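Asker: what follows is a predicted structure for the sequence shown.
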Amino acid sequence: AFDEYGINFLDTAEIYPVPTNAETQGKTDKAIKLFLQSRKGNREEVIVATKVAGPGNTWLPRRGGEGTTSDLTREQIIDSANASLERLGGGLY
């Protein structure tokens, strides 16, 4: 149905699927990667957007761990976006 209906936009986030926990965090990225690898269409025809979780999610990777505070630094944003890109397969299918 994705290609049949002209859908070309997929949305993900480092905290998907919801509700999120440390064991499931990032699994939506991995599912999108498998979907994109399996479809017959051109990868360049699909837009994939990701989002970084806001401050306070200290249990996420690269956020300092439980009991710390997270102001969501520039470095954490870049690191989280790069981690999502890696889970998505680096854009190379």
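Answerer: Right, received. Where do you want to start?
Asker: for this structure, what are the low-confidence residue spans?
Answerer: 1, 58, 61-62, 64-71, 91-93 (pLDDT under 70).
Asker: distance of the nearest residue to Val52 once chain neighbours are set aside from Glu44?
Answerer: Leaving out its chain neighbours, the residue that sits closest to Val52 by CB to CB, 6 or more residues apart in numbering is Ser80, at 4.4 Å. Every C-beta, even on glycine, is put in place using the N, C-alpha and C of the backbone. Counting by CB to CB, to the nearest Å, the separation of Ser80 from Glu44 is 24 Å.
Asker: please identify which of these two sits among more neighbours.
Answerer: More crowded of Ser80 and Glu44, by other CB atoms under 10 Å: Ser80, with 24 against 8.
Asker: what's near enough to touch that one?
Answerer: By CB atoms under 8 Å, 6 or more residues apart in numbering, Ser80 lies in contact with Glu14, Val52, Ala53, Leu60, Arg62.
Asker: out of these, the closest to Asp3 would be?
Answerer: Glu14 (26.8 Å; CB to CB).
Asker: how about the closest residue to Leu10 other than its chain neighbours, secondary structure?
Answerer: Distance criterion CB to CB, 6+ apart; nearest residue to Leu10, sequence neighbours excluded, is Val48 at 4.9 Å. Assigned with DSSP: H, G, I helix; E, B strand; the rest coil, Val48 falls in the strand class.
Asker: so Val48 makes contact with Ile32?
Answerer: Yes - using CB atoms under 8 Å, Val48 is in contact with Ile32, at 6.5 Å.
Asker: what's the overlap in contacts for those two?
Answerer: Taking CB under 8 Å, 6+ apart as the criterion, Val48 and Ile32 both touch Leu10, Thr12, Leu88.
Asker: show me where this protein has helices.
Answerer: For the chain, the helices defined by DSSP state H occupy 27-38, 74-87.
Asker: including distance to Glu4, could those helices go into CSV?
Answerer: Formatted as CSV, those follow (distance: least, CB to CB, whole Å):
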stretch, distance to Glu4
helix 27-38, 15
helix 74-87, 27
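Asker: which one of these lies nearest to Gly6?
Answerer: helix 27-38 (16.2 Å).
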